[in-house]
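1. Provided below for reference: sequence and predicted model.
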2 protein chains.
Amino acid sequence: MSQKRTIFFLSDRTGITAETLGHSLLTQFEGIEFRQINIPFIQSGASARRARDMINRVAQEEGMRPILFCTLVDEALTAIIAESEGLILDFFGAFINSLEEELGTSSTHTAGRAHGMANVHNYRARIDAMNFSLRTDDGVAEKDYEKADVILVGVSRSGKTPTCLYMALQYGIFAANYPLIEQDLERMGLPQVLQPYRKKIYGLTIEPLRLAQIRGERRPNSRYSDETTCREEVRIAERLFKLEKIPFLNTTTRSIEEIATRIMHETGLMRRFF
Amino acid sequence: MSQKRTIFFLSDRTGITAETLGHSLLTQFEGIEFRQINIPFIQSGASARRARDMINRVAQEEGMRPILFCTLVDEALTAIIAESEGLILDFFGAFINSLEEELGTSSTHTAGRAHGMANVHNYRARIDAMNFSLRTDDGVAEKDYEKADVILVGVSRSGKTPTCLYMALQYGIFAANYPLIEQDLERMGLPQVLQPYRKKIYGLTIEPLRLAQIRGERRPNSRYSDETTCREEVRIAERLFKLEKIPFLNTTTRSIEEIATRIMHETGLMRRFF
């Protein structure tokens, strides 16, 4: 019988940090079914006690102590959680002392700094980047290529739009998007409109079979989603990338996070905020 | 003189976990300037040694040891990084033993699980959610409200679009978007098209002055960005929310992460993947 365990993410703000780190650790364990509960915005003794009681209820019901990934900054609130029957993994406690010692200064112990109050500069950077991506999606605003940090090129449904939006929202990168359409593929060579910007270009490619499947969900039994079409488009696109020495990445088995990070890393782009 | 320190995020895949947790900790220290360098995709001895040498170079140049946030899973690679002169904060090492003990099983020690190989189910869920958000942005496809998990309602530029896209990409949530335009505000009462879906509606509001500023960047000196217009629109929108008992949130000082998390938390929506 496979083990089932309940996991709590406990935080004073969004819980994004607790979830990210907890999830990274949990992926290292196979054959266990994890029920994951996020309790964000624990900002008072009352809400900490409610969380503690919920943890104890689960411990009672399951006869197993829950595992708690905790990023509470306020030690008094952490102490309330620590009264519960769960196993507390205190992320803040684990590292803050080493850091204080190394930096020779006390931490501010301020809750919710990571994803809390909007920093006006950051907010603007990401909204500008997002609006840029939305505006240039599918190559509609060619004059904007000048402003782009990077221009993703690839056949329809190779992963350009989600990657652009992810880069905009997470990193404030101005990512534009140029879909290779039939004329581009027939003519061979870099589309004229892109030629002034070749240094910003990055290619995306994908396995033809996966592409056919993705396109088929949108337009089943069409020429667009036909395996032969997909195979041919991908072949020509990849030949174009090689001929023009455009760096490119196969997106088939990669998450959006990985595609975005690889592009940032390979092109040397820097995120605009954290 | 303010202290400057160099921070490295070292990981075998994207570095998102290392950056998230490192950044959370660093926000607790004020008056120190942090230079943050992400070295992702450390998957071989050679790349670990390159990272180690770079850390040592920085230590030499700065006469201060860099701080290393490390999420490498492979112990042999971590050992190479630990040879460097930096202060290593080993996230994996800090918690994995407690977890192994608690779960009574060994971890798989597999690199890059958190943001690595695309899980086809997750990939589809987020792309479907993203396409849904793009399609329903600014209320163009009313029949889609049926499919929505949540419908964000607010005046133009109150933060609906970035929140919808964030919820789609991070949580796979189908978030639609209904902008309150002049007619809606004049008529008072919930717009007819939304009435069947009132349980899914969540309101966004914003400080009128901030709204005027945001709108002014787009259309300066217009009626749209005029302070009086903004004040009036916000006043009526908030009255509508109260009258119709629609839960709502002021986005002015909140990051997109916090807006999204609060909506998820208050409406009880669950993320579709990690």
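-> Structure's in. What do you need?

2. So the host helix or strand of residue A:152, near chain B or not?
-> Assessed by DSSP states H and E, residue A:152 sits inside strand A:150-155. No - Strand A:150-155 lies out of reach of chain B by CB under 8 Å from any CB of the partner chain, never closer than 14.7 Å. Just so you know, the C-beta spots here come from the backbone N, C-alpha and C atoms, and that holds for glycine as well.

3. Walk me through the domains of chain A.
-> Following automatic domain parsing, one finds the domains of chain A at A:3-103, A:120-267.

4. how about those domains, which one is nearest residue B:180?
-> For residue B:180, the closest of those is domain A:120-267, at 19.2 Å, according to CB to CB.

5. ends of that closest one, how far apart?
-> In domain A:120-267, first residue to last residue: 27 Å (CA to CA, to the nearest Å).

6. got a pLDDT number for residue A:65?
-> Residue A:65 is assigned a pLDDT of 96 by the prediction.

7. Verify the stated contact: it with residue A:56.
-> No - applying CB atoms under 8 Å as the test, residue A:65 and residue A:56 come out as separate, 9.5 Å apart.

8. Which neighbours do the two have in common?
-> Common contact partners of residue A:65 and residue A:56 (CB atoms under 8 Å, 6 or more residues apart in numbering or on different chains): residue A:85.

9. what residues does stretch A:130-148 touch?
-> Outside stretch A:130-148, the residues within contact range by CB under 8 Å, 6+ apart are A:151, A:161, A:164-165, A:167-169, A:174-179, A:193-194, A:196-197, A:200, B:134, B:137, B:161-162, B:165.

10. Please enumerate the helices of the stretch 1-150 of chain A.
-> Along the stretch 1-150 of chain A, counting by DSSP state H, counting those that start in this stretch, helices occupy A:16-26, A:45-62, A:75-82, A:91-103, A:120-136.

11. Check the offset of the fourth one from the chain's centre.
-> Okay, so that is helix A:91-103. Taking the mean of its C-alpha atoms, helix A:91-103 sits 27 Å from the chain's own mean (CA atoms, centre = their mean, to the nearest Å).

12. picking that back up, counting contacts, what elements does the strand holding residue A:152 pack onto?
-> helix A:160-171, strand A:175-180, strand A:201-205, helix A:227-243, helix A:256-267 (3 or more CB pairs under 8 Å, 6 or more residues apart in numbering or on different chains; DSSP states H and E).

13. again, only using 10 Å
-> In this structure, strand A:150-155 makes packing contacts with helix A:160-171, strand A:175-180, helix A:182-187, strand A:201-205, helix A:208-218, helix A:227-243, strand A:248-250, helix A:256-267, judged by 3 or more CB pairs under 10 Å, 6 or more residues apart in numbering or on different chains; DSSP states H and E.

14. Spatially nearest residue to residue A:99, not counting backbone neighbours?
-> Of all residues not flanking residue A:99 in the chain, residue B:25 sits nearest, at 5.9 Å (CB to CB, 6 or more residues apart in numbering or on different chains).

15. wait, residue A:272
-> Distances taken as CB to CB, 6+ apart place residue A:172 nearest to residue A:272, at 3.1 Å, with adjacent residues excluded.

16. For that neighbour, which residues are in contact?
-> A:121-130, A:132, A:149, A:270-273 (CB atoms under 10 Å, 6 or more residues apart in numbering or on different chains).

17. List buried residues within those residues.
-> Neighbour counting by 16 or more other CB atoms under 10 Å in any protein chain shown classes A:123, A:124, A:125, A:126, A:127, A:128, A:129, A:130, A:132, A:149, A:272 among the contacts of residue A:172 as buried.

18. Now for those residues: which two are most distant?
-> Pairwise distances across those (CB to CB) peak at 18.5 Å, for the pair A:123 and A:149.

19. Tell me the residues of the stretch 151-274 of chain A that contact chain B?
-> Residues of the stretch 151-274 of chain A lying close to chain B by CB under 10 Å from any CB of the partner chain are A:157, A:159, A:161-162, A:165-166, A:168-170, A:210, A:213-214, A:217-218, A:251-262, A:264-266, A:270-271, A:274.

20. Buried by neighbour count, from those: which ones?
-> A:157, A:159, A:161-162, A:165-166, A:168-170, A:210, A:214, A:251-252, A:254-262, A:264, A:274.

21. of the buried ones among the contacts of residue A:172, the lowest pLDDT goes to which?
-> By pLDDT, residue A:123 ranks lowest within the buried ones among the contacts of residue A:172, coming in at 80.

22. In this structure that one contacts residue B:255, no?
-> Yes - using CB atoms under 10 Å, residue A:123 makes contact with residue B:255 at a distance of 7.1 Å.

23. Give me the below-cutoff pLDDT ranges for the stretch 101-250 of chain A.
-> Counting by pLDDT under 70, the stretch 101-250 of chain A has low-confidence residues at A:111-119, A:138-141.

24. Share the number of residues neighbouring residue A:208, please.
-> Close neighbours of residue A:208, defined as other CB atoms under 10 Å in any protein chain shown, add up to 19.

25. Please disregard the earlier target; I meant residue A:44.
-> Residue A:44: 12 neighbours (other CB under 10 Å).

26. Could you measure from it over to residue A:76?
-> Counting by CB to CB, to the nearest Å, the separation of residue A:44 from residue A:76 is 10 Å.

27. which neighbours do these two share?
-> Overlap of the contact sets of residue A:44 and residue A:76 (by CB under 10 Å, 6+ apart) is empty.

28. most neighbours per residue, which of the helices of the stretch 1-150 of chain A?
-> Ranked by average neighbour count under the criterion mean count of other CB atoms under 10 Å in any protein chain shown, the helices of the stretch 1-150 of chain A are headed by helix A:16-26 at a mean of 24.
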